[in-house]
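Student: take this sequence and fold it.
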Amino acid sequence: MIKKEIFAIVTGCASGIGNEIANRLVSKGIEVIGLDIEECTCNFPSYVCDVSDERQVQQILALISKRTQCIDYLINAAGILCLGKALLLKEMSVKQWDAILKINLGSVMVMSKNVYPYMLHSDRGAIVNISSEQVYNPDLGYSSYAVSKSAINMLTICTAKEFLKDKIRVNAIALGTVKTNILKYLDVSEEQKELMFKNKKEQIPFGLMSRSDVADIIEFLISDHARFITGEIIRCDGGRYLRDNP
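Tutor: Residues are numbered from 1 along each chain as shown. I've put the predicted structure just below:
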């Protein structure tokens, strides 16, 4: 059993992949602290927080510091596909573009920067960022999402290099399609959303990933089994890239 003094922060903890990861870590005896823009009904402590807003993040970390000065793991799972409807670049407003990049990319920068001092007290510090297979084969209408995830990949490498001297590992996983509430803010019917997932499943040789599959990868990347892995972007797309680029 993992000792109780191991702490992890998971963003996007209220639902979807973030919630699955948080619960998996709790099941392994890790003390999880969740952050989400929405209130979380969960079996671990959580805070309502816009993780792309540095002021809010610093306020929450000040509260967390009353409980622990050491954070061992940071999982940046907060993210959004789009706001409203899918838009081609020529149709998109700068405001819509900025909003997606702020949520997806800005949150990773803000969290990594501000959690870093707490990780200096750990001998196992590890950060895992959630990227996407969209960086290799983007779908039309989601350019801001694909660009934000591409930038997360580079930010992962930059952060890994910067944190080398502190022995803090930083990696990202470029996920294929996972059936979650990622389409929550997409302005289409529930039937259309189901059809989108069905079509994606047919495009992927290994089918859709489950949230548990993602948690398996996270669990590995923060473990001692991955102690020599840092600065890597691990593509987990069920073979879609290879099918499209034989």
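Student: can you give me the mean pLDDT across the helix ranked longest in the chain?
Tutor: For the chain, the longest helix by residue count, based on DSSP state H, is helix 143-162. For helix 143-162, the mean per-residue pLDDT is 97.
Student: in it, what's buried?
Tutor: 143-153, 155-157, 159-160 (16 or more other CB atoms under 10 Å). Bear in mind the C-beta positions are built from the backbone N, C-alpha and C, glycine included.
Student: which secondary structure elements does the helix or strand following it sit against?
Tutor: Where DSSP states H and E defines the elements, the next helix or strand beyond helix 143-162 is strand 169-175. When contacts are defined as 3 or more CB pairs under 8 Å, 6 or more residues apart in numbering; DSSP states H and E, strand 169-175 packs onto strand 126-132, helix 143-162, helix 211-221, strand 233-236.
Student: strand 169-175: how far from the chain's middle?
Tutor: Relative to the centre of its chain, strand 169-175 is centred 9 Å away, using CA atoms, centre = their mean, to the nearest Å.
Student: just give the strands next to it in its sheet, each with its orientation.
Tutor: strand 126-132 (parallel), strand 233-236 (parallel) (DSSP bridges).
Student: the chain: strands as residue ranges?
Tutor: Remark: strands assigned in the chain by DSSP state E are 7-11, 31-36, 46-48, 73-76, 126-132, 169-175, 233-236.
Student: for residue 93, which of these is the nearest?
Tutor: Closest to residue 93 of the strands of the chain, according to CB to CB: strand 126-132, at 22.3 Å.
Student: ok, residues contacting that closest one?
Tutor: Here strand 126-132 makes contact (CB atoms under 8 Å, 6 or more residues apart in numbering) with 17, 72-77, 79, 108, 112, 115, 119, 145-146, 149, 152-153, 155-156, 159, 163, 168-175, 218, 221-222, 226, 233.
Student: please repeat the previous calculation with a cut-off of 6 Å.
Tutor: The contact list for strand 126-132 (CB atoms under 6 Å, 6 or more residues apart in numbering) reads 73-77, 108, 112, 149, 152-153, 156, 169-172, 174-175, 218, 221-222.
Student: same check on stretch 33-40?
Tutor: Stretch 33-40 is contacted by residues 9-14, 22, 44-51, 64 when judged by CB under 6 Å, 6+ apart.
Student: how about a cut-off of 8 Å?
Tutor: Residues outside stretch 33-40 that contact it (CB under 8 Å, 6+ apart) are 7-15, 18-19, 22, 42, 44-51, 57, 60, 64, 78.
Student: which among the residues you listed end up buried?
Tutor: Among the contacts of stretch 33-40, those classed as buried by 16+ other CB under 10 Å are 7-15, 18-19, 22, 42, 44, 46-47, 49-51, 57, 60, 64, 78.
Student: thought residue 50 was touching residue 56?
Tutor: Yes. Under the criterion of CB atoms under 8 Å, residue 50 makes contact with residue 56 at 5.2 Å.
Student: spit out the contact partners of the nearest residue to residue 43 once chain neighbours are set aside.
Tutor: Distance criterion CB to CB, 6 or more residues apart in numbering; nearest residue to residue 43, sequence neighbours excluded, is residue 26 at 6.5 Å. Residue 26 makes contacts with 32, 43-44, as judged by CB under 8 Å, 6+ apart.
Student: roughly how far apart are residue 26 and residue 10?
Tutor: According to CB to CB, to the nearest Å, residue 26 and residue 10 sit 10 Å apart.
Student: what do the two both touch?
Tutor: Counting by CB under 8 Å, 6+ apart, the residues touching both residue 26 and residue 10 are residue 32.
Student: list of residues touching stretch 106-115?
Tutor: So stretch 106-115 is contacted by 9, 11, 51-54, 57-58, 61, 71, 74, 76, 78-79, 127, 129, 152, 155, 159, 170 (CB under 8 Å, 6+ apart).
Student: tell me which residues in that stretch are buried?
Tutor: Within stretch 106-115, the residues scored as buried using 16+ other CB under 10 Å are 106-112, 114-115.
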